[in-house]
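Colleague: Predicted structure and sequence below. I'll ask about it afterward.
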Amino acid sequence: MSPKDEETRPSWQPLSGAPSNIRYTVLPHAADFAMEVQAPDLPGLVEACLLAASDAAWGLDSLVASEKACFDVPPGDPEMQVFLAMSEALFLQDARDLLAADAKVSALADGGLRVELSCDRLDPGRHRPRARFKAVTLHGMDVVHTGDGLSVRVVLDV
Amino acid sequence: MGRRQAGPGTRQGGRSGFPGGGGPLPGARVRWERLDSARVLLPRQGAMRTEGLVYADERMMRESVDEAPLRQVANVACLPGIVGRSIAMPDIHWGYGFPIGGVAAFDATEGVVSPGGVGYDINCGVRLLRTDLRMADVRARVPDLVAAMFTRVPTGVGSHQRDLSLSRPELAEVGRKGAAWAVERGFGDPGDLAVLEEGGCIQGADPEAVSDHAEERGRRQLGTLGSGNHFAEIGVIDLVEDPVAAAAFGLFEGGVVVTIHTGSRGFGHQVCTDYIPVMDGAARKAGIELPDRQLACAPLSSPEGRRYFSAMAAAANFAFANRQIIAAEVREAFESVLGRGWRQLGLQVVYDVAHNIAKFEEHVVDGRRRRVCVHRKGATRALPAGDPRVPKAYRDVGQPVLVPGDMGRASWVLAGMPASLAETFGSSCHGAGRLLSRHAAVGRGRGRDIRAELKALGISVMAAGGETLSEEMPEAYKDVGDVVDVVQLAGIARKVARIRPVGVIKG
């Protein structure tokens, strides 16, 4: 039996505290974990990707923002910017135990992006991973226009 | 700048064949033809520079090998400098860029190196330990052994080694020396190194090519198992098919063994992550058209290619050291429960293989000896008897090939056979191969008690993650027996001994 025969597409997930046009869904037929994210513009899309990954991994409702982390993403094509921003967030999680509870992304004049994360510190007593992401991939990633904004599919290595 | 300018200057409309990318044959199915009962040929089509060769029987092609991984075999065949065929083992399944189970060799001067051909978990691999113990004598102690291993071997995502936080210079030494670094610090003994692939150290590592981020991720993770499909498993040899080779490997029916499956942890993941953008740019600079962006690569002769290889080798050596330390933790666990030293227990390393790696090796291609960079992504080296790279103790029987299965059925120890050198750059399969995605497996496990199901089979399990047992349930994988049947049929490797699991720790 093929994996694709096994799965059905789950429904769109809202993101806690975010406008209703920012949402994500877990995709079927992924070797590890794939999601599709929608938002009105590129900063919003990167923001939504960061929060969707955090929601899928930990549940945003379980996270309490207590520390800040800020980084810039260099100019590049939108897929690479999504890749770099999400990879940096995973680095902060794995190396510094910082879990993204909220994210604000703004465009810089040079085409780069500024990412400001509000993070919870990993506490095994409070946080139980629902999915264990180790890396972001570029596999099949393609930022595309939809009727009312942008959409991207992201595959995460588990 | 990539294919498009930054900002929402994106393509209108649909996507290019996700998953698997657009590939060399947009819109067309990959053509294949059966060569014999174990081999399927992908003739050159589209932009393929060479043929593809997939080891699979008729049932596998019908039931578990679909279009996406076949397209990935074809995609790899499009890369510049590929030597011989683009190959996939019978545990083939969809991966990032390269398929899992993929093997491809590239000319050392004109070819490319690709992080997608190695994987994120650089030198993910398997180590097998044997003992003098008979399962019949220790069966009642297995739960205690599992608990002792679970206590000593940190497991789960982000798990840390409390007693082994490394400074930057120390981590650089790990990257240069691999398993020998661990032995120098008392984890095991020098005899272990003689039976590790490459002696537990890939040449060409340069810690200067490793980013600060990778070092920070790796600093606290040496000696940890991690999560996902990684495990340490106590097993019993329940079938010996080749008594001569089994004896050479120290294996006997009823004997207790321990299998360790893990890799380079966050260190390797970060190295791969760091170099994907670098290779993406390098590929464009070199004018390499990629059928799938995750196949980002650079000429081996380019600064980017050389630098990635050096960083990748450092991560591979981190993984060898990681498995060396975990083996020492397992030995401690056995000592604490059984009250005897590990040497008294005969708890010795049989072998240690990498199954996510790129290595420079010499192979005869079309009658000519060539230096190539062999990418094995979910594939295991499998050298036959007589090859000088096989440890002396095993040279008469062939290199041990360690093929873990799922945690409910069996794993296999094979020995390399001559067809591996003739056809697959000395490579064989690496495991069972997933049948269900993790998502599907979790869905199928809902409402079930997988731990209890395994206990009913006589298997004790401890896991750090709540959903790990569902993701890793036996039915999420192909039957490894089917996989090894095909490699034996093809003459790549032969069966030596089967291992039945009795106790497992998971991340």
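Modeller: Right, received. Where do you want to start? Numbering: from 1, shown residues only, chains lettered A, B, ... in the order given.

Colleague: all contacts plus neighbour counts: C-alpha atoms, from now on.
Modeller: Noted.

Colleague: I'd like the mean pLDDT over stretch A:114-130, please.
Modeller: Mean per-residue pLDDT for stretch A:114-130: 92.

Colleague: make that stretch B:44-53, sorry
Modeller: In the prediction, stretch B:44-53 has an average pLDDT of 96.

Colleague: That one: which residues count as buried?
Modeller: Using 16 or more other CA atoms under 10 Å in any protein chain shown as the test for burial, stretch B:44-53 gives B:44, B:45, B:47, B:48, B:49, B:50, B:51, B:52, B:53.

Colleague: Sort out for me which of these are in strands.
Modeller: If you go by DSSP state E, the buried residues of stretch B:44-53 have B:52, B:53 in strands.

Colleague: tell me the contacts of residue B:468?
Modeller: B:227, B:228, B:506, B:507 (CA atoms under 8 Å, 6 or more residues apart in numbering or on different chains).

Colleague: Count the residues that sit near residue 109.
Modeller: I went with chain A, as the question did not name one. 8 (other CA atoms under 10 Å in any protein chain shown).

Colleague: wrong one, chain B
Modeller: With other CA under 10 Å as criterion, residue B:109 counts 14.

Colleague: Could you export the strand ranked longest in chain B as CSV, CA atoms only?
Modeller: Looking across chain B with DSSP E, the single longest strand is strand B:493-506. Provided in CSV are the C-alpha atoms of strand B:493-506 (Å, rounded to 0.1, in the frame of the first residue of the first chain):
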residue,chain,number,x,y,z
ALA,B,493,25.2,-9.1,0.1
ARG,B,494,24.2,-12.4,1.7
LYS,B,495,22.4,-13.2,4.9
VAL,B,496,24.5,-14.1,7.9
ALA,B,497,22.3,-13.9,11.0
ARG,B,498,18.9,-12.6,12.0
ILE,B,499,18.3,-10.5,15.1
ARG,B,500,15.0,-10.5,17.0
PRO,B,501,14.4,-7.5,19.2
VAL,B,502,13.7,-8.0,22.9
GLY,B,503,14.3,-4.6,24.4
VAL,B,504,14.4,-1.1,22.8
ILE,B,505,15.0,2.4,23.9
LYS,B,506,13.8,5.2,21.6
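
Colleague: What mean pLDDT does it get?
Modeller: What strand B:493-506 shows for mean pLDDT is 97.

Colleague: Then stretch A:59-66?
Modeller: Per-residue pLDDT over stretch A:59-66 has a mean of 92.

Colleague: Please compute how far it lies from its chain's middle.
Modeller: Remark: stretch A:59-66 is offset 15 Å from the chain centroid, using CA atoms, centre = their mean, to the nearest Å.

Colleague: in that stretch, what counts as buried?
Modeller: Result for stretch A:59-66 [16+ other CA under 10 Å]: buried residues A:59, A:60, A:63.

Colleague: Output the longest helix belonging to chain A.
Modeller: Scanning chain A for the longest helix, with DSSP state H as the assignment, gives helix A:78-96.

Colleague: Does chain B have contacts with that one?
Modeller: Yes: with CA under 8 Å from any CA of the partner chain as the measure, helix A:78-96 is seen reaching chain B through A:78, A:80, A:87, A:91, A:94, A:95.

Colleague: Check stretch A:32-43 too.
Modeller: Yes: with CA under 8 Å from any CA as the criterion, chain B is reached by stretch A:32-43 at A:32, A:33, A:41, A:42.

Colleague: could you dump these to TSV with secondary structure?
Modeller: Below are these laid out as TSV (DSSP: H, G, I helix; E, B strand; the rest coil):
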residue	secondary structure
A:32	coil
A:33	strand
A:41	coil
A:42	helix
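
Colleague: Just the buried residues from those residues, in PyMOL please.
Modeller: Those of those that count as buried under 16+ other CA under 10 Å are selected in PyMOL with:
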select buried, chain A and resi 32+33+41+42
